[in-house]
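The following comprises the amino acid sequence and a computationally predicted model.
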Amino acid sequence: MNTYPPPLARKHKVLPHGLAVALGVSLLVAALGCALGLLLPAFATDAGAANIGQKIGLWLAGLGSAGGLALWPAINRTLRSMELAMAGSHDGMFEWNPVTKRLVVGQRLLDILGYTEDFLPTSDAWLQIVHPDDRELYNKAVTAHLKGLTRHFYCEYRVKAHNGEYRWLAARGLVARAGNKSVRLMAGSVTDITERVMREQHSQSLARTDHLTSLPNRRSLLEQLPVALTQAGANGDMLCVLCIDLDRFKNVNDTLGHWAGDELLQILARRLPSALRSIDVLARQGGDELIVLIKGLTDISEPDYVAQRLLATVATPVQLGAHTLQLTASIGMALFPHDGGDADTLLRRADMAMYEAKGRGGDQWRRYTPDLDAALTQRVTLENRLRQAIDSKLLQLHYQPQFDALTQTLVGAEALLRWTDQGQSIRPDVFIRVAEESGLIDSLGKLVMHQSLQQLKQWLPALPNDFRLSVNLSPRQFRASAVDQDWLVAIGQHGVPCQHIGLEVTESVLLDADGNAIQALARLRQAGIEIALDDFGTGYSSLSYLRMLEFDVLKIDKSFIMGLHDQAATHKSDRSTAVVSATLAMAHKLGYRVVAEGVETAAQHAWLCQQGCDLVQGYLFSQPLPPAEFAACYLNRTAAPTPT
């Protein structure tokens, strides 16, 4: 005989007996108390919720008595409050018998998942729609609570909805135990947290994704690499880190604008994965530097083939509007476990190998070798020594004279920096490159500026009227400071006329998209300083850049002069002759005087004179000399010594 009032009997007709009803309602109250403490203040804690639930359970257990029947109005009010609380919170509700595995879910939970009717008779059926990747987590959470290891059950996991998509749910519940502490029932509520999880995942994705290329960023790489290293170590596999840097990428930004550089990176980010496997990782380190993580290697030569494919992919022409670009790249690689056992070491050594490839001209790859560590140590040591030398003014200028090609009359000199440290002569191309890479070039440039102006001031009474002292400027000096202001102020301080000063720049200065360098050089030229374009023909600029700035002098690079009348290489000599002849004709048409540097033979000198070259300089006449020697040799007489 059913002793329950009809409303409760209908609601719990699936339960077998009054004890189950008591347990079920008490647990639901307890579980709701945990989740909805704001609605039922007494349920603010698990203990409070359990206490109230136990009391209602005792009431229900005594319903067979006349006194118990009097409790139905209060219980119905409690159940009604529970229903309203669940509706207001949009939570679903469940009851589960761990012994029989019978599962009862409320309509709200079915609505969350998009099902019209309850098709989940047991927990096994429920487990089938739990995401396979989340089943272990879900089972562990349930088991822990059933064993009494947790005060309540809680788990966030994915469940397949009626439309085939997975929804994220947050489930919470409590168990009821019999006198022997065996579990009789578990009940609780379920909240749809899909939107919250999606927001969190989107936020995390943004934090780990490069916004320009949509590739994983450095943060993502640093999270994935240690995991990959652990897996490789456990499996006995090799792993390789490749550092990719685009050669002369700055020229793209400077000539076409940063929009072109950005679009080029986006195109490469779409192309490069075709040279990799699906399990490999391509990430953007920053700027034009990319990192590739190759997993699961079994052959030490595999990275070489990957690097070759990457170089070929980078070299594929790219069309940007009206411009067709073809880039190259430098790649460095470090192999686990041979070259390092941790992420920092592998990244650092791959980077070192990349710079080695770039130093060899680019468009190639290099593996890390132990001698690169020694090279890095030498570079750091050299940088520290250079810094001390600049502070102590230990670098000195030497001066190589320049002569009129026909009359061999002294018309100027080029100031060339020399450094002898601990009895060792350091090559200028070595320490100047270190200065540029380390940021010391601004200090070094100012040292040269003041030293050359001071020397010019000292020589001024003995100089010919048309004498000019030429000083080289690094393109990076224009980024570090206002070069024009520095020079004009220093010239005023030293009291030297601008007509005796010449400044030499390379073609790369013209690749300044903002025009700061060009404007600075124009202001210096307006002040009366001679501007020379040095190393003409060896850069990456176009002849169209000659229209941007009016020069006074064009210097033909010594690499072309060396090829003149080269008996050992007739073809090379013919090409050099053609290039120099064309350059002389063009320069004179534009109104430039031409200096041929690196003249070493009388035959070269004679040919240049025949072609109308204006000025010559080179070892045929004199090597760069210390100030005292230069003054003794040339300031007391203006004619060049007879070439021998």
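Right, received. Where do you want to start?

pLDDT below threshold where in the stretch 451-600 of the chain?
The stretch 451-600 of the chain contains residues with pLDDT under 70 at 480, 510-515, 537-548, 565-573.

Now do the helices in it.
477-480, 483-494, 516-526, 558-562, 570-589 (DSSP state H, counting those that start in this stretch).

domains of this protein?
Listed by automatic domain parsing, the domain ranges of the chain are 6-198, 209-368, 396-635.

Mean neighbour count for those domains - can I get that in TSV?
From N, CA and C alone the C-beta is placed, and that goes for glycine too. TSV is the format used below for the domains of the chain (neighbours: other C-beta atoms under 10 Å):
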stretch	mean neighbour count
domain 6-198	17
domain 209-368	18
domain 396-635	18
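
To residue 380, which of the ones you listed lies closest?
domain 396-635 (9.3 Å; C-beta to C-beta).

Relative to the whole chain's centre, how far out is that closest one?
In terms of C-alpha atoms, centre = their mean, to the nearest Å, the centre of domain 396-635 is set 37 Å apart from its chain centre.

okay, how far is it across that domain, tip to tip?
19 Å (C-alpha to C-alpha, to the nearest Å).

can you pull the contacts of residue 455?
Residues in contact with residue 455, defined by C-beta atoms under 8 Å, 6 or more residues apart in numbering, are 397, 399, 415, 469, 627.

Enumerate residues external to stretch 464-472 that contact any of its residues.
Here stretch 464-472 has contacts from 399, 402, 409-416, 448-449, 452, 455-456, 499-505, 530, 532, 534, 638, using C-beta under 8 Å, 6+ apart.

So which of the helices of the stretch 451-600 of the chain is nearest residue 425?
When those are compared by C-beta to C-beta, helix 558-562 sits nearest residue 425, at 19.9 Å.

Go through the contacts of stretch 464-472 and flag which are in strands.
399, 402, 410-416, 501-505, 530, 532, 534 (DSSP state E).

where along the stretch 101-250 of the chain do the strands fall?
103-105, 153-160, 166-177, 183-192, 238-246 (DSSP state E, counting those that start in this stretch).

Quick one: those as JSON lines, columns for distance to residue 112 and mean pLDDT too.
Formatted as JSON lines, the strands of the stretch 101-250 of the chain follow (distance: least, C-beta to C-beta, whole Å; pLDDT from 0 to 100):
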{"stretch": "strand 103-105", "distance to residue 112": "10", "mean pLDDT": "87"}
{"stretch": "strand 153-160", "distance to residue 112": "9", "mean pLDDT": "94"}
{"stretch": "strand 166-177", "distance to residue 112": "7", "mean pLDDT": "91"}
{"stretch": "strand 183-192", "distance to residue 112": "5", "mean pLDDT": "88"}
{"stretch": "strand 238-246", "distance to residue 112": "43", "mean pLDDT": "94"}
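
Make sure residue 361 is indeed in a helix.
No: secondary structure of residue 361 (DSSP: H, G, I helix; E, B strand; the rest coil): coil, not part of a helix.

How about the backbone phi and psi for it?
phi 110, psi -10 (degrees, to the nearest 10).

Switch the helices of the stretch 451-600 of the chain over to JSON lines; also include distance to residue 134.
Shown next, in JSON lines, are the helices of the stretch 451-600 of the chain (distance: least, C-beta to C-beta, whole Å):
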{"stretch": "helix 477-480", "distance to residue 134": "53"}
{"stretch": "helix 483-494", "distance to residue 134": "63"}
{"stretch": "helix 516-526", "distance to residue 134": "57"}
{"stretch": "helix 558-562", "distance to residue 134": "67"}
{"stretch": "helix 570-589", "distance to residue 134": "70"}
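
Quick one: closest of the ones you listed to residue 621.
That would be helix 558-562 among the helices of the stretch 451-600 of the chain, by C-beta to C-beta, at 13.0 Å.

Packing partners of that closest one?
helix 570-589, strand 593-597 (3 or more C-beta pairs under 8 Å, 6 or more residues apart in numbering; DSSP states H and E).

Of the ones you listed, which is nearest residue 155?
Closest approach to residue 155 among the helices and strands packed on helix 558-562 (C-beta to C-beta): helix 570-589, 76.0 Å.

and that closest one, what does it pack onto?
Secondary-structure packing of helix 570-589 (3+ C-beta pairs under 8 Å, 6+ apart): strand 553-556, helix 558-562, strand 593-597.

Just tell me which of these ends up closest to residue 353.
helix 558-562 (28.4 Å).

that older thread, in a markdown table: the helices and strands packed on helix 570-589, plus distance to residue 475.
Listed next are the helices and strands packed on helix 570-589 as a markdown table, based on distance: least, C-beta to C-beta, whole Å:
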| stretch | distance to residue 475 |
| --- | --- |
| strand 553-556 | 16 |
| helix 558-562 | 19 |
| strand 593-597 | 19 |
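
for those, which one sits closest to residue 260?
Closest to residue 260 of the helices and strands packed on helix 570-589, according to C-beta to C-beta: strand 553-556, at 28.8 Å.

Flag the shaky bits of the stretch 1-150 of the chain, pLDDT-wise.
Checking the stretch 1-150 of the chain against pLDDT under 70 turns up 1-90.

90 - rerun?
1-96, 98-100, 103-112, 115-125, 148 (pLDDT under 90).

before we move on, back to that, ok, which of the helices and strands packed on helix 558-562 comes nearest residue 344?
strand 593-597 (45.4 Å).

quick one, phi/psi of residue 267?
The phi/psi pair for residue 267 (degrees, to the nearest 10) is phi -60, psi -40.

which ones are touching it?
Residue 267 neighbours (C-beta under 8 Å, 6+ apart): residue 318.
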